[in-house]
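Peer 1: sequence unknown, structure follows:
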């Protein structure tokens, strides 16, 4: 490769320069075409998934899906109202537990970077975000479900919160770092104490981006199934108690998808449609908004 | 000769980079302000004001720092807690089977004999197959988006590829079971079975659901992870590297291969390992597509089982302490492997992108 480059640079014209030049041009064209083909190939499953979910889901979805409980096996109809509410409850619980930790922890990483704790916490957050969600489920089972002697909505919320914290923490840190140092200095020069500067000036300035980051994190945990399988467990009825098992939309989709009943398959499609629309809408809004605000790549 | 590229950096980057601390030896001491001088002012602020006249201020600062630090320390607590709690919960199984757990193929709740080998085999095989499919594609995507595409086209295509990462795992599974598996069975697998059926990899009846289906869906799912990290690493390659190659007469591809790929090598390896970590732990789609039979078969058509899918299938119904603790030990093994892979991957990516480069978490 180096020799060809050198001869090309020297304007080599001795040994069939045309064929070598043409060959290099051809390789270049082939690799350009290959990389374009890779992008297009990656879009095939995306388009296929979206088209299939929309076409199947649109046929299966109706008002009952949103307002009725699941019917017993064999009876047609029914809905996933309890699972939709359950997902909202679980996500809300995860936010209550996870957001203060994530946002204030992120503020610490950004504003107290000289503390020896910061690099360790940053690294651990990055590594934790790669831990499989099912392992988080196992952990929460041993930590919460066993001592409490039962599956519960609380355990599900803890599992989702653990999944959420590393992402929220790192996003908050990144966005607070983008706030110019001069703003901090201006506030401090006016005699504002450091902690109020952090909360009222820096965090306030990064607020829009952090909200979007949190929305993305919520969209991600709302679609999680694996960590709920043996924490929240699932429930065919309404559940409002923190110490009772609770249904969740992704889990219900899973249960129905692997069942042998056509009617349940239809319900799974409807559920998948709701979930995908929710997740994609949040992603679209968040990314567009973040790009406008930050002006950089997402 | 100066190329126009040299003076006109990509418009998207500076806004993001400029506010960050300078790359390289930026130690923790200057971590939190745009300019190195900023830190000194921020730190000196509370101290420089007369502490006697504003005692509440320093108290508030201390309290806030302790509280925020406490929250930041929660991630450390979670990480240590996971290792500790799961080791404790897996203790009965560790004591009963020792290291033999990892090399035994027994899985019999009735006789209380457990071994993780078929699951480890399934996890490793499906993940490596997925990598073999996804890595070339991801490299192609990342080099297209960083070297060839410009402006809005690059952004829209990049966004679409990233959307793949946003689709929930269970939806992948649903699509895989009802669309991909039948297609696989009647199309590629039928063809392979007819023409290459003498090879051990394509022996047996194609079901659609099995090792090949799981590997394929995994490849789709880890594609956005690998390509996003590769893209970030490629963008961190200094423009001068490409300019130098182009100035010597290299074609676009030669400059990508020589300047970008070689400069970004450790970052690419990091991206691949990060993708491997995702593939190892991916649960729902794999559970729905791998067939869930704990066997070690050379055939890609055969059903298999993975560590994650056995947890998803059996955990909630597991009765008996030893059964449960054997399952938890599988979770512990998975935890250990993914933690090690992630540490390695982050380190490799950091080496290329710099300490404060962001790695997309999704």
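Peer 2: Noted; the coordinates are in hand. Please read all numbers here as calculations on a predicted model, not as lab measurements.

Peer 1: list phi and psi for the residue in the stretch 201-350 of chain B positioned nearest to chain A.
Peer 2: Closest residue of the stretch 201-350 of chain B to chain A, Cβ to the nearest Cβ: residue B:281 (2.3 Å). All C-beta spots, glycine's among them, are computed from the backbone N, C-alpha and C. Backbone torsions for residue B:281, taken as degrees, to the nearest 10, come to phi -100, psi 0.

Peer 1: mind listing what it touches?
Peer 2: A:131, A:132, A:133, A:134, A:135, B:308, B:334, B:338 (Cβ atoms under 8 Å, 6 or more residues apart in numbering or on different chains).

Peer 1: just the ones in helices from those residues, please.
Peer 2: A:133, A:134, A:135, B:308, B:334, B:338 (DSSP state H).

Peer 1: distance-wise, check the third one relative to chain B.
Peer 2: Remark: distance between residue A:135 and chain B (Cβ to the nearest Cβ, to the nearest Å) = 5 Å.

Peer 1: who are the neighbours in contact with the residue nearest to that residue when sequence neighbours are not counted?
Peer 2: In this structure, residue A:135 finds its nearest non-sequential neighbour in residue B:335, 4.7 Å apart by Cβ to Cβ, 6 or more residues apart in numbering or on different chains. Neighbour list for residue B:335: A:131, A:132, A:135, A:138, A:139, B:82, B:83, B:86 [criterion: Cβ under 8 Å, 6+ apart].

Peer 1: got it, and residue A:27?
Peer 2: B:251, B:253.

Peer 1: pLDDT score for it?
Peer 2: pLDDT recorded at residue A:27 is 94.

Peer 1: equivalent analysis for residue A:295, please.
Peer 2: 47.

Peer 1: so residue B:107 makes contact with residue B:294?
Peer 2: Yes: judged on Cβ atoms under 8 Å, residue B:107 makes contact with residue B:294 at a distance of 5.3 Å.

Peer 1: shared neighbours, those two?
Peer 2: By Cβ under 8 Å, 6+ apart, the residues touching both residue B:107 and residue B:294 are residue B:118.

Peer 1: could you measure from the spatially closest residue to the residue of the stretch 201-350 of chain B closest to chain A that is not a sequence neighbour over to residue B:140?
Peer 2: Closest residue in space to residue B:281, ignoring its immediate chain neighbours: residue A:132 at 2.3 Å, by Cβ to Cβ, 6+ apart. Noted for residue A:132: a distance of 27 Å to residue B:140, by Cβ to Cβ, to the nearest Å.

Peer 1: please name the nearest non-neighbouring residue to residue B:133.
Peer 2: Nearest to residue B:133 is residue B:219, by Cβ to Cβ, 6+ apart, at 3.8 Å.

Peer 1: which residues touch the one you found?
Peer 2: B:129, B:130, B:131, B:133, B:134, B:137.

Peer 1: kindly recompute the last result at 10 Å.
Peer 2: A:45, B:126-127, B:129-135, B:137-138, B:226, B:275, B:279 (Cβ atoms under 10 Å, 6 or more residues apart in numbering or on different chains).

Peer 1: do the same with residue B:230
Peer 2: Applying Cβ under 10 Å, 6+ apart, the residues contacting residue B:230 are B:135, B:138-143, B:145-146, B:260-261, B:264, B:267-268, B:270-272, B:274-275, B:349.

Peer 1: can you narrow those residues to ones near chain A?
Peer 2: By Cβ under 10 Å from any Cβ of the partner chain, the members of the contacts of residue B:230 lying near chain A are B:138, B:139, B:140, B:141, B:142, B:143, B:145, B:146, B:274, B:349.

Peer 1: for those residues, work out which two are farthest apart.
Peer 2: Farthest-apart pair in those is B:140 and B:349; separation 19.4 Å (Cβ to Cβ).

Peer 1: ok, those two, which is more surrounded?
Peer 2: Set residue B:140 next to residue B:349 and count neighbours by other Cβ atoms under 10 Å in any protein chain shown: residue B:349 wins out with 27 against 23.

Peer 1: most residues in a single helix of the chain, which one?
Peer 2: Defaulting to chain A. Per DSSP H, chain A has its longest helix at helix A:17-60.

Peer 1: hm, I was asking about chain B
Peer 2: helix B:55-97.

Peer 1: can you give the distance from it to the centre of its chain?
Peer 2: Averaging C-alpha positions (Cα atoms, centre = their mean, to the nearest Å) puts helix B:55-97 24 Å from its chain's average.

Peer 1: what's in contact with stretch A:53-61?
Peer 2: A:65, A:79, A:263, A:265-277, B:167, B:171, B:174-175, B:178-179.

Peer 1: and the pLDDT at residue B:271?
Peer 2: Reported pLDDT at residue B:271 in the predicted model: 94.

Peer 1: ok, back up a step: make CSV from the contacts of residue B:281 and add neighbour count and distance to residue A:254 to it.
Peer 2: Below are the contacts of residue B:281 laid out as CSV (neighbours: other Cβ atoms under 10 Å in any protein chain shown; distance: Cβ to Cβ, whole Å):
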residue, neighbour count, distance to residue A:254
A:131, 23, 21
A:132, 25, 16
A:133, 24, 13
A:134, 31, 12
A:135, 28, 18
B:308, 29, 13
B:334, 27, 19
B:338, 20, 22
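
Peer 1: pick the one among those residues closest to residue A:105.
Peer 2: Set against residue A:105, the nearest of the contacts of residue B:281 by Cβ to Cβ is residue A:131 (17.0 Å).

Peer 1: quick one on the thing from earlier: max pairwise distance over the contacts of residue B:335: which two?
Peer 2: A:132 and B:83 (14.5 Å).

Peer 1: for the nearest residue to residue B:352 once chain neighbours are set aside, give its distance to residue A:27.
Peer 2: For residue B:352, ignoring the flanking residues on the chain, the nearest one in space by Cβ to Cβ, 6+ apart is residue B:267 at 3.3 Å. Using Cβ to Cβ, residue B:267 is found at 24 Å from residue A:27.
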